[in-house]
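Any chance you could fold what I've pasted below:
(2 chains)
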Amino acid sequence: MAEVVSYRKRRGVEAFMLVFAVALGWGGYVIIHLNQDAELPKQWPWALGILFGMALVLHLVVRWRTPYADPLILPLVMLLNGLGLAMIHRLDLGTDPVMHSAELQLGWMVVAVIACCAVLIWLRDYRILHRYTYLMFLAGMALLMLPLVPGLGLEKNGARIWIHLGSYSFQPAELAKLVLAVAFASYLVEKRDVLALAGVKFVGLDLPRARDLGPILVMWLASLAVLVFQKDLGTSLLFFGLFVMMLYVATEKPSWVILGLGLFISGAVGAYFLFGHVQTRVSGWLTPFSNYDLNYQVINGQFGIAWGGLFGTGWGLGRPNLTPLAKTDFISAAIGEELGITGLAAVIILYGFIVARGLRAALGSRDPFGKLLAAGLAFVFAIQVFAIIGGVTRLLPLTGLTTPFMSQGGSSLVANWVMIGLLLLITHQVRQPSVEPVADPVASLAGEATQLIPVGSVRPSVAEDETGPLPIFADAPTGPIPAVSPDAPTGPIPAVSPDALTGPVPSIHSDDPTEFVPTVDPNTEATTAITPDDGGPR
Amino acid sequence: MSELVVVALKLGYLALLWLFILFVGNVVRTDLFGRKLPATEIAQASLVAASGPTAKMSRKVEKRLPTLLKITHGRQAGLTVPLAGGVLIGRSPDCQLLLEDDYVSTKHARIVVTATGYQVEDLGSTNGTFVNNQRVTAPTPFGTGDTLRIGRTLMSVEK
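From the prediction side, this is the model:
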């Protein structure tokens, strides 16, 4: 009998981990106040209540809609979000006068959690998204290029990646990341067979055919446009990296990665010589002290992490405010300062776990669209975390990406929570036990073939061939072929073949061999062919 | 606050943070391979789920409802299959009753539960489905003692 791998739902584990995560985030907030004022903050019941409320709502919606979803994703995200909120609050306290961006961020978190629940409740099946390949692609591209529209785009800190609607500013690239991941996944599901075709062979590497290079060139030009016109290294890297990785996952051809890397490096080197802002980033990465004023932010972030050391200064006891943009780009430096390398490493591992759960969903997924989408979402998340934390710790040139779930910023938070909603939907499908009909084209073809025999054409020779020496019932006509009239339905019974029962027949009560005996003439070969093993379920 | 308390809070917090990670790691470990279930268990679970609507059936109808389908003639003679929740009959591997019979179509017939009892419905088979030697053209009710013929397999409906 076929076996099916199933996963336990583990919703109880999820509930426990959610409580743990909320307690850790809230604990950070309380320790900040204990360390700074030696008393509990006045609003502590509110903070605890709102965080718990959100965790409870998420947990209940998951129990209701996606009971088989991965039990770890939500607690991990809650913990990162809680740590981010606590750190933003801590940075608020460090300004004079005290700012209230943490409250605003908490408001955005509520919106984001509602958005995530909406995805779980209304989307239900992520496969619907497969229908809108090119619409999604166009929408994603439009979102990506939206900041370039005059009058709508807004240039902040040298990068033109915001749009302003009234008094709010919004980073459309965060949403574009999600939309484009869906678009790429559904596009590649359709086209991967073509894209996997080998073209010219070059130094032992099967290069793709020249005519299939269109999509990767389009994405390359789009990411170059982002780099040139929006002056944003991070977004450019993110989208091109996402596309190349998904192409690799879809086609399993390393040549696409090498091609993509080549294109990216040529683009990056070209950009380095042509644009001043790229040169600034590279000098901040390799030789920050060559220009202290220009690289002030990177240098201060490094000082902060160094000051934190192994165990950090403790919540609220460092001076992360000295770094410009500590709440957004440099929040990981603030974590490194106050929680030390131990805390920063923990945060990176938490991100790693989210990526790992996403990739695991991709590995387990049975439909190619879900596989590619989960892999794409996990990759885009991984690239983003790697690029920004790598930039802050000077492993890479600094790129202006947000740290998912931690950085201050509503658009990033909402987009990332929606992404988590999608991942939960995919993991629900992946982990749900289901009996997959085993595709067996040979068997079904054979089944069709016998049905082509025209009813009524009695051909004894065929009959002889097919039944041969098999036993024949007294009341049955000798011609065993379809000529059997409806009144005499009992044709000769062929011997029970060893593979008599292969399908998922539920609970067959024929383990007892005696059950076979009365129905078959004891004098025939058929009975001798039946052994207790033959008829039983397997 | 004293220096000691500050250090204790700091280290305690980090310890809890890493404890969280250890918990996550443990969940990942125990979740690694999943459980292997025989397919029948899931099929039965879905049968139980599918038989939900039959609750509307009156007690009287339910009492005289047949429960078993027993193959009397055919290669699999002697085989009994529970009717509960309905049965899909054919040669395709996703049928609940998989018949070893060359005259059975891939998806041949379906037995469904209605408020009045069981009905058999032909799914456009080549050789037809017969209830008491009458060819079925529409969903046909049947009860205990009736004979079903699918291809060259004869089945009797038993309680």
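
Hmm, A:Tyr296 is touching A:Pro324, no?
Yes - counting by C-beta atoms under 8 Å, A:Tyr296 does reach A:Pro324; the two are 7.0 Å apart. Any C-beta I mention is one placed from the backbone N, CA and C, and that applies to glycine too.

what does the model give B:Thr144 for pLDDT?
We note a pLDDT of 84 for B:Thr144 in this prediction.

That one: how many residues sit nearby?
Residues lying near B:Thr144 (other C-beta atoms under 10 Å in any protein chain shown) number 15.

mind checking how far stretch A:154-171 is from the chain centre?
28 Å (C-alpha atoms, centre = their mean, to the nearest Å).

That one: which residues count as buried?
By neighbour count, and taking 16 or more other C-beta atoms under 10 Å in any protein chain shown as the criterion, the buried residues in stretch A:154-171 are A:159-163, A:169-171.

Dump these to TSV, plus secondary structure and pLDDT.
TSV is the format used below for the buried residues of stretch A:154-171 (DSSP: H, G, I helix; E, B strand; the rest coil; pLDDT from 0 to 100):
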residue	secondary structure	pLDDT
A:Ala159	strand	73
A:Arg160	strand	78
A:Ile161	strand	78
A:Trp162	strand	81
A:Ile163	strand	82
A:Ser169	strand	76
A:Phe170	strand	80
A:Gln171	coil	84
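
right, and the pair among the residues you listed with maximum separation?
The largest separation in the buried residues of stretch A:154-171, counting by C-beta to C-beta, is between A:Ala159 and A:Phe170 at 14.0 Å.

remind me, longest helix of the chain?
All of this is about chain A. When secondary structure is assigned using DSSP state H, the longest helix within chain A turns out to be helix A:11-37.

Sorry, I should have been clearer: chain B.
For chain B, the helix with the greatest residue count under DSSP H is helix B:3-30.

Okay, angle between it and helix A:11-37 too, please.
Note on geometry: by axes from the mean of the first three to the mean of the last three C-alpha atoms, to 10 degrees, helix B:3-30 and helix A:11-37 are set 160 degrees apart in direction.

Please work out the average pLDDT along helix B:3-30.
93.

May I see the buried residues of that helix?
Buried residues in helix B:3-30, counted by 16+ other C-beta under 10 Å: B:6, B:9-10, B:13-14, B:17, B:20-21, B:23-24, B:27.

Quick one: distance of the longest helix of chain A to the chain centre.
Centroid separation for helix A:11-37 versus its chain: 26 Å, with C-alpha atoms, centre = their mean.

ok, back up a step: any part of the longest helix of chain B near chain A?
Yes - for a cut-off given as C-beta under 8 Å from any C-beta of the partner chain, helix B:3-30 has contacts with chain A, namely B:6-7, B:9-11, B:13-14, B:16-18, B:20-21, B:23-24, B:27-28.

helices or strands up against that helix?
Packing partners of helix B:3-30 (3 or more C-beta pairs under 8 Å, 6 or more residues apart in numbering or on different chains; DSSP states H and E): helix A:11-37, helix A:73-94, helix A:340-364.

Most tightly packed of those helices?
Across the helices and strands packed on helix B:3-30, the average number of neighbours (mean count of other C-beta atoms under 10 Å in any protein chain shown) peaks for helix A:73-94, which reaches a mean of 25.

number of nearby residues for residue 118?
Here I'm looking at chain A. The number of residues near A:Ala118, taken as other C-beta under 10 Å, comes to 13.

The chain in question should be chain B.
24.

Then the one 10 residues further on?
B:Gly128 has 18 neighbours, counted by other C-beta under 10 Å.

that older thread, any chance of the buried residues of helix B:3-30 in JSON lines with distance to A:Arg127 as columns?
Listed next are these as JSON lines, based on distance: C-beta to C-beta, whole Å:
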{"residue": "B:Val6", "distance to A:Arg127": "53"}
{"residue": "B:Leu9", "distance to A:Arg127": "48"}
{"residue": "B:Lys10", "distance to A:Arg127": "48"}
{"residue": "B:Tyr13", "distance to A:Arg127": "42"}
{"residue": "B:Leu14", "distance to A:Arg127": "42"}
{"residue": "B:Leu17", "distance to A:Arg127": "37"}
{"residue": "B:Phe20", "distance to A:Arg127": "33"}
{"residue": "B:Ile21", "distance to A:Arg127": "33"}
{"residue": "B:Phe23", "distance to A:Arg127": "33"}
{"residue": "B:Val24", "distance to A:Arg127": "29"}
{"residue": "B:Val27", "distance to A:Arg127": "27"}
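
could you say which helix or strand contains the residue in the stretch 151-300 of chain A positioned nearest to chain B?
The shortest separation between the stretch 151-300 of chain A and chain B is 21.6 Å, found at A:Val249 (distances taken as C-beta to the nearest C-beta). The secondary structure element spanning A:Val249 is helix A:233-251 (assigned by DSSP states H and E).

Report the distance from that helix to the chain centre.
Between the centre of helix A:233-251 and the centre of its host chain there is 14 Å, according to C-alpha atoms, centre = their mean.

can you check stretch B:109-117 too?
In this view, stretch B:109-117 has its centroid 15 Å away from the chain centroid, taken as C-alpha atoms, centre = their mean.
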